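**Student:** need a structure here:
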Amino acid sequence: MTFKGPFQLERICDSTGSPRPQLSPCSGSLAFAGRVASRRDLGLLGRRGSVHCARSAVAMATAFYRPMVVTARRATTNERRAGRREKSGARVAAAMKRLRCGTAPEPGCLQAWAAECEALAGRWRAARGSAYGGAAAVARQLRGAFGELLLQMWGLPPALPMMPLELTVLYNSLLFVMGTSDCAIKGEAEGIRQGLLRVLEACGTSGQDLSTQELWQKVLQEVTVEELQAPLHRLGALQAAWWLATSCLQNIIDLFRLLSSAEDPERAPCRAEKNELLTLLKAWRTPAEEASVSLVQSTEDLKETLCTAAAFLQGLQELEAGNLSTTLCLLQEAAGGFCSKRVLAQIYVCLGCCAQRMGKPQTALQHLKQALQVDFQCHPALSHTAAVYQELGETDAELQALYLLYEAVEKNPPSATSSSPYFLIRAELLVNTPILASLLRHHHPSEVKYLLAQRCLRDGRVADAVEHYLDFLSLLQEGLQQQVPLDGGSPLPRIPEVFLEAASALEQDGRHQDSLTVCDEVISRTTNLIPKIIQVEEKLEQPECASLETGLAGGLLSQKRESLCCLTWRAAAYLHQGWVWSKLGKGKEAIMQFSRCLNDLLRFQPRGCGVEPAESLLPEVKVLQKIRLLSLIGRGMQFLEQEKHKEALLDFQHGLQISPGTSLCTWTHV
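**Tutor:** Residues are numbered from 1 along each chain as shown. So this is what the prediction gives:
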């Protein structure tokens, strides 16, 4: 007998012949089993009249059916899960098949990505016209946003329908990467390479083992899909910008030959141009930009920036090579290009330096004046103007330029930030060469003060020189690291030498006691830096020995030469004090300082054998010889005044041994 209901219950017989209910394998319920058992056993209960027996029967039925119900539930759940996995796997397989066959992702994804790209580009267009600080912050945020969007697209296999949008997002992302950096970075080149590889993969080929130049050649020659030409040209311009920042000019020439041949296959590349790079850049036709394409910087603007930067960079290279006429043409080409006021002022400074090297100081002054008219904060223009006036011998104009420079660097220190973020790719990001850094080097206030003091002292303006030297010494008290540049391009000598120059200026100004005090400062600061004995080769390093003096040996030699410098400074301080006491008429004190100078010089023990020619001696050894000679002459003259003729004669004889070709009257007027 079979009961019909939400579950099927079949009546079978056990070994005793009594019917026993059983759930079918496809269904079952513990509650229903309890109800069936209750109906059957309650019928027996009515005949027997025992409630306790009824409850026992329900419990027995429940325990009997529980394992079968649990098994049935598990079977049903597994069947449902298997069905869902099968359907999901089928959907994924279908999607992967569509992608492998070049079918784009779901239309909703492409629309969402395009809408997000447009929203981000619109946010930049709204922010770039604002103040620099706000636009710079937005640029940094959009750099991360475009990077995240690009990673989402790269999470799927490449497909041709999605490649135009993907290359546009890549172009915008890399623009922000370069625009928010101080210079081109390696990650940008890797991003361009990854984009080209995905284009090839979408077209059914690969190029993993190819170099970047070979990869561009393969892409431009084999990818003929019309929708990809404009995005690839934009990406090529960005590749040219990165190569320009790394001075790989030949790579740019090869790339734009390919781009030109891709535009017009019948056109043969002209290689006999006077400047092939500029010719190719100007002849390159930028792709037409559709209204639906969301770019954060147009390709036409990028092309103009490339032309200006290429002319500027090549002009600097020609200037470094000494080809001044070619330099002049290229820099004039750059000055008429597309750039900010800051870069235009830098170009005029370079034009001024070129004219100065060509022997045209007046033309140089005109270019430097143009630089200041374009950007009044162009401090290098003032320093080069002072140098031109010095060459012309116009001291008043030179000092006036230095005064203006000091006021400018003191009130308006140069900023390390870029001048304007309106365009993400700018000429200042693409032109970074050592010669440009040297020509545009910014001066510290202490450097300008020293130049003023030195020029005044040489021109005989002793009082002005003393004031500038004292200002310089007061600047040093504010902090040596902040006031004194540590690079090799500074006009500042070593600090003890500046102290000695200041002492000389004070002595010439009649401030003898102040001069002695400054010399005492040099002596006290160098005393602990000089060993008892300094053994250094008198002559310059021999070529055959130079290769052996590396590592620790080279460090020891440098340390010994530094000790030799300290000895030179302290001996010079003693010498100067001796001459000051001589002018004051204090012979005893003068002889004492001259003797201290000579005793200090005994610490230097040269290891050379024989008499070396003067041109092969170390510079420090030459200075020490002059100091020894002047000390002997000064002490000998004091002995003469005290009528100690024997001691005076000995000093003069020793002086002749040091410098046999020098007459005594030559040094008495030093």
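**Student:** my read: Arg441 touches Gly489, true?
**Tutor:** Yes - the criterion here is CB atoms under 8 Å, and Arg441 meets it with Gly489 at 5.5 Å. C-beta coordinates here come from the backbone N, C-alpha and C atoms, glycine included.
**Student:** The two - which one has more neighbours?
**Tutor:** Arg441 (16 against 10; other CB atoms under 10 Å).
**Student:** Surely the more buried one forms part of a strand?
**Tutor:** No - Arg441 is assigned coil when assessed by DSSP: H, G, I helix; E, B strand; the rest coil, not a strand.
**Student:** In contact with it, which residues?
**Tutor:** 380, 489 (CB atoms under 8 Å, 6 or more residues apart in numbering).
**Student:** What distance do you get for it to Gln217?
**Tutor:** Distance, Arg441 to Gln217, by CB to CB, to the nearest Å: 41 Å.
**Student:** Off-centre distance for stretch 435-442?
**Tutor:** 16 Å (CA atoms, centre = their mean, to the nearest Å).
**Student:** buried sites along it?
**Tutor:** Going by neighbour count (16 or more other CB atoms under 10 Å), the buried part of stretch 435-442 is 436, 439-441.
**Student:** could you check the distance from His444 over to Ala381?
**Tutor:** To Ala381, His444 is 17 Å away according to CB to CB.
**Student:** Between those two, which has more neighbouring residues?
**Tutor:** Using other CB under 10 Å, the more surrounded residue of His444 and Ala381 is Ala381, with 27 against 18.
**Student:** what's the host helix or strand of the more buried one packed up against?
**Tutor:** Ala381 belongs to helix 379-392 when assigned by DSSP states H and E. Applying 3 or more CB pairs under 8 Å, 6 or more residues apart in numbering; DSSP states H and E, we find helix 379-392 packed against helix 341-357, helix 361-374, helix 395-411.
**Student:** In CSV, list those along with mean neighbour count and distance to Ser631.
**Tutor:** Putting those into CSV (neighbours: other CB atoms under 10 Å; distance: least, CB to CB, whole Å) gives the following:
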stretch, mean neighbour count, distance to Ser631
helix 341-357, 23, 42
helix 361-374, 18, 43
helix 395-411, 17, 34
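**Student:** got the ones you listed as TSV, with mean pLDDT and distance to Asp514 columns?
**Tutor:** What follows is those, written out as TSV (pLDDT from 0 to 100; distance: least, CB to CB, whole Å):
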stretch	mean pLDDT	distance to Asp514
helix 341-357	96	39
helix 361-374	96	38
helix 395-411	93	23
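**Student:** quick one, which of those is nearest to Gln317?
**Tutor:** Gln317 lies closest to helix 341-357 among those, at 11.6 Å (CB to CB).
**Student:** Give the other helices and strands that the closest one contacts.
**Tutor:** helix 299-321, helix 324-335, helix 361-374, helix 379-392, helix 427-430, helix 434-439.
**Student:** Can you flag the weakest of these by average pLDDT?
**Tutor:** Out of these, helix 427-430 stands lowest, with a mean of 90 (criterion: mean pLDDT).
**Student:** Buried ones in it, by neighbour count?
**Tutor:** Within helix 427-430, the residues that count as buried by 16+ other CB under 10 Å are 427-430.
**Student:** With distance to Leu475 added, can I get these in JSON lines?
**Tutor:** As requested, the buried residues of helix 427-430 are exported to JSON lines (distance: CB to CB, whole Å):
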{"residue": "Ala427", "distance to Leu475": "35"}
{"residue": "Glu428", "distance to Leu475": "30"}
{"residue": "Leu429", "distance to Leu475": "34"}
{"residue": "Leu430", "distance to Leu475": "36"}
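**Student:** ok, so of these, who is nearest Glu589?
**Tutor:** Taking CB to CB as the measure, Glu428 is the one of the buried residues of helix 427-430 closest to Glu589, at 59.5 Å.
**Student:** how about the nearest residue to the closest one, chain neighbours excluded?
**Tutor:** Leaving aside its chain neighbours, Glu428 sits nearest to Val343 (5.3 Å; criterion: CB to CB, 6 or more residues apart in numbering).
**Student:** Tell me how far that neighbour lies from Ala371.
**Tutor:** From Val343 across to Ala371, the span is 11 Å (CB to CB).
**Student:** okay, and the common contacts of these two?
**Tutor:** Between them, Val343 and Ala371 share no contacting residue, judged by CB under 8 Å, 6+ apart.
**Student:** Now find how far off-centre stretch 639-654 is within its chain.
**Tutor:** 64 Å.
**Student:** Over to stretch 302-312?
**Tutor:** From the chain centre to the centre of stretch 302-312 is a distance of 21 Å (CA atoms, centre = their mean).
**Student:** same thing with stretch 560-569?
**Tutor:** Distance, centroid of stretch 560-569 to centroid of chain: 36 Å (CA atoms, centre = their mean).
**Student:** List the contacts of it.
**Tutor:** The contact list for stretch 560-569 (CB under 8 Å, 6+ apart) reads 494, 496-497, 500, 522, 526, 529-531, 534-536, 600-601, 603-604, 618, 620-621, 623-624, 627.
**Student:** let's see 6 Å
**Tutor:** Stretch 560-569 is contacted from outside by 496, 522, 526, 529-531, 534, 536, 620, 623-624, using CB atoms under 6 Å, 6 or more residues apart in numbering.
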